[in-house]
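1. with the input below, show me the fold.
(one chain, ligands or ions: 2)
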Amino acid sequence: MKIAIIGAGNLGLSIAKGVLHSNGATTMYLTKRNTSEIKDFEKYGNVTVTSDNKEAIQNSDTLIFAVQPGHFSSILEEMKDLLTENHVIISTITGFSISKIEEIIGADKHIVRSMPNTAISVGNSMTCICSNELGKKRIDLAKAIFNRMGHTLEIPEEQMQAATVICASGIAFWMRLIRATTQGAIQLGFDAKEAQELAMHTCNGAASLLIESGNHPEEEIDRVTTPKGCTIEGLNEMEHQGLSSSLIRGIVTSFEKISKIRKG
Ligand SMILES: NC(=O)C1=CN([C@@H]2O[C@H](COP(=O)(O)OP(=O)(O)OC[C@H]3O[C@@H](n4cnc5c(N)ncnc54)[C@H](O)[C@@H]3O)[C@@H](O)[C@H]2O)C=CC1
Ligand SMILES: O=C(O)[C@@H]1CCC=N1
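-> Ligands and ions are numbered 1, 2, ... in the order given. Okay, the predicted model is just below:
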C-alpha cells in the first residue's frame, strides 16, 4: 500500500501516526505547505515529507486528502490531470460532497469520503465512510485501511454531516466531559494527575461495557444506581441542570454549522 496524505495538519498527522502504528503502508508521503515542523517523520524509513503534492500523488496509489475545506477545490483542480483510475481518492473534508469532487476530477475515479477522528493516531478512531459508484469497488480496501486504526461503519452519504459531529467533533465533546469530571474529582480531593486518571479510565470502562455487552446505557445505569443511593441523586441533579439537553443542543448546533461551512 503506497499512501499519500495530502495536508498533514491535525487530522492528517493523526492518520499518519495511525498508519505507522499499524504498519499500514509500504511507503507514505506526507505533504503540507511548510514542512519544517514535520520533517521528523522521515526518521521512519518509508516516509517522505514534501510540499510537492504532484510527487506524492504520482508515487502513491491511495490518496488521503486532509486539507481545510476552503483549499480542497483548488488542490483538486491543480492535481486533476495526475489522478488516474488506479488511485483510490479518500477525502476527509467536512461538508464537501462526492458530487462536488466528481465535478472537478470526473466520476471515472474511485472516490471515497471518510470521516475519521483524531483517535486514529492511537488506532482507535470511529470512522464513517461512503463512496461514489466506481468507488464501491474499492470501499472494502478503504474499510481495511481504517479498520486497522479503529472501527469503521459504511453509511449513506446523506448521513456524513451527522457522522462528522458525532464522531469527529465528538472527540472534543468527550474531552470536555472528561475534563469536567476531572475538575469534580479535584474538588473532592484528588490531585490533578490522579483526577484525570480516574476520569479517563472510568470513561474507557463505560464505553467498553457497552461495546462488549451490546447493552443500552440505561441497563448499565440501572446496575449502578442503588435505590436511595448517591448515584441517582447525582444523576438527577445533572439532568435538572440540563446535562442531556445541553449535549443534544450542542450536537444539533454543530450539525447546523456544517451547512454554513458547506455554503461558504
Ligand atoms: N481535526 C479533526 O479532528 C478533523 C478534521 N476533519 C477535516 O479534515 C480537514 C483537515 O482538518 P485539520 O487537520 O483540523 O486542519 P489543519 O489546518 O490542521 O490541516 C490542514 C493542513 O493542510 C495543509 N495544506 C494547506 N494547503 C495545502 C496544499 N496546497 N497542499 C498540501 N497541504 C496543504 C496545511 O499546511 C495544514 O497542515 C478539514 O477539512 C476538516 O474538516 C475531519 C475529521 C476530523
Ligand atoms: O471542527 C471542524 O470543523 C472539523 C470537522 C470535525 C472536526 N473538526
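2. which element is residue 254 on?
-> helix 243-263 (DSSP states H and E).
3. cool, residue 48 as well?
-> Applying DSSP H and E, one finds residue 48 within strand 47-50.
4. and whichever helix or strand comes after that strand, how far from the chain's centre?
-> Once the chain leaves strand 47-50, the next helix or strand it forms, by DSSP H and E, is helix 53-58. Chain-centre distance of helix 53-58: 24 Å, with C-alpha atoms, centre = their mean, to the nearest Å.
5. for stretch 192-199, same thing?
-> On C-alpha atoms, centre = their mean, the centre of stretch 192-199 falls 25 Å from the chain's centre.
6. contact partners of it?
-> For stretch 192-199, the external contacting residues (C-beta atoms under 8 Å, 6 or more residues apart in numbering) are 178, 179, 181, 182, 183, 185, 186, 190. Every C-beta, even on glycine, is put in place using the N, C-alpha and C of the backbone.
7. now the buried members of those.
-> 178, 181, 182, 185, 190 (16 or more other C-beta atoms under 10 Å).
8. just to revisit the earlier point, now check the helix holding residue 254, is it near ligand 2?
-> No - judged by C-beta under 6 Å from any ligand atom, helix 243-263 makes no contact with ligand 2; its nearest approach is 6.6 Å.
9. show me where this structure has strands.
-> 2-6, 27-31, 47-50, 62-65, 88-91, 110-115, 125-131, 150-154 (DSSP state E).
10. picking up where we left off before, how about the helix holding residue 254: buried residues?
-> 251, 254, 258, 261.
11. other SSEs contacting it?
-> helix 160-163, helix 170-187 (3 or more C-beta pairs under 8 Å, 6 or more residues apart in numbering; DSSP states H and E).
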